[in-house]
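Could you work out the structure for the sequence below:
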Amino acid sequence: MKLFFSEYNPNYSKYNFPYQVFAKREDKDLLGDLFSAGFLPTRINKDIFYLTRSSRINLAEFDLNSENRRINRKTEQFKFSLLPMSDFEYTPEVQKKSKDWFNERLGEKVLGALGIKTIYTESNNNYVFVWKLENEIVGYVVCLITESILHYNFAFYNPDYYKDNLGVRMMLAAIEYAKEKELSYAYLGSVYEQGSMYKAQYKGFEFFNGITWSANLDELKYLINRPVGSEEYLWRDEQYLGNYVNVQSLKELFENL
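Alright, predicted model coming up:
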């Protein structure tokens, strides 16, 4: 992979020089290797990825807990079929449903029609979970599935069924499918806000902290609750280093890398 960097809000007085890190996939690169390094795909170009606080399920550690089983029982009326993207017909109706459902849940400025079309037709996504309630289509999950990973890229579902836990069931079913197919990881997107913590309810949950993949939920909560716009970068936070990286200083961290 080829790395490149976009400068963002430097603070010369503190020697803080932030950059957004991007990676360009090259011919020899496996998709799973980019995900494993903490990258997720952009919608700009299917070969361009961005570094983020990504999350995943280590499927070797995953099995159903009592809450997962409760969700499965409560949502057994919903059924899915899994279609290769080559067999899935992206129609104006699919686009309208996806756009309307997504906008009703998250707002019209989050994702437009062009973005939705890109997700279905101009990305690395190669499968769609189609969810139904009897004969009514109630949701789509657009995924990338390789020989080793599943990336749960975008979920579109009818918000009328939000209280019926359809959204939770859709993610759980994708994780179960990946486990049944003996994949290594199911990637669930980034975790930066309290509203993302639902992804941590599954056994085997991990997140990328910039050094490694961590299963420490206290560490994740610390990062999420850290003030936005902090003037010091994370590795200068001695409380974080001592509690979660097991070093006492930035110098010691660099010596142990």
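
what about the stretch 51-200 of the chain, any weak spots by pLDDT?
Within the stretch 51-200 of the chain, the segments meeting pLDDT under 70 span 108-109.

Show me the strands in it, by range?
Defined through DSSP state E, counting those that start in this stretch, the strands belonging to the stretch 51-200 of the chain, from first to last, are 54-58, 78-84, 127-133, 136-145, 149-157, 185-190.

Redo these as CSV? Include mean neighbour count.
Placement of C-beta: from N, CA and C, glycine included. Formatted as CSV, those follow (neighbours: other CB atoms under 10 Å):
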stretch, mean neighbour count
strand 54-58, 24
strand 78-84, 14
strand 127-133, 19
strand 136-145, 20
strand 149-157, 24
strand 185-190, 22
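
Lys251: which of those is closest?
For the strands of the stretch 51-200 of the chain, the distance to Lys251 is smallest for strand 54-58, at 27.7 Å, taking CB to CB.

Give the other helices and strands that the closest one contacts.
The elements that strand 54-58 packs onto, with contact taken as 3 or more CB pairs under 8 Å, 6 or more residues apart in numbering; DSSP states H and E, are strand 185-190, strand 205-208.

neighbours around Val94, how many?
Here the count is done by other CB atoms under 10 Å, and Val94 has 19 residues near it.

List the residues that contact it.
With contact set as CB atoms under 8 Å, 6 or more residues apart in numbering, Val94 has these partners: Tyr120, Tyr140.

looking at it, Leu250 is touching Trp235, isn't it?
Yes - between Leu250 and Trp235 there is a contact under CB atoms under 8 Å: 5.3 Å.
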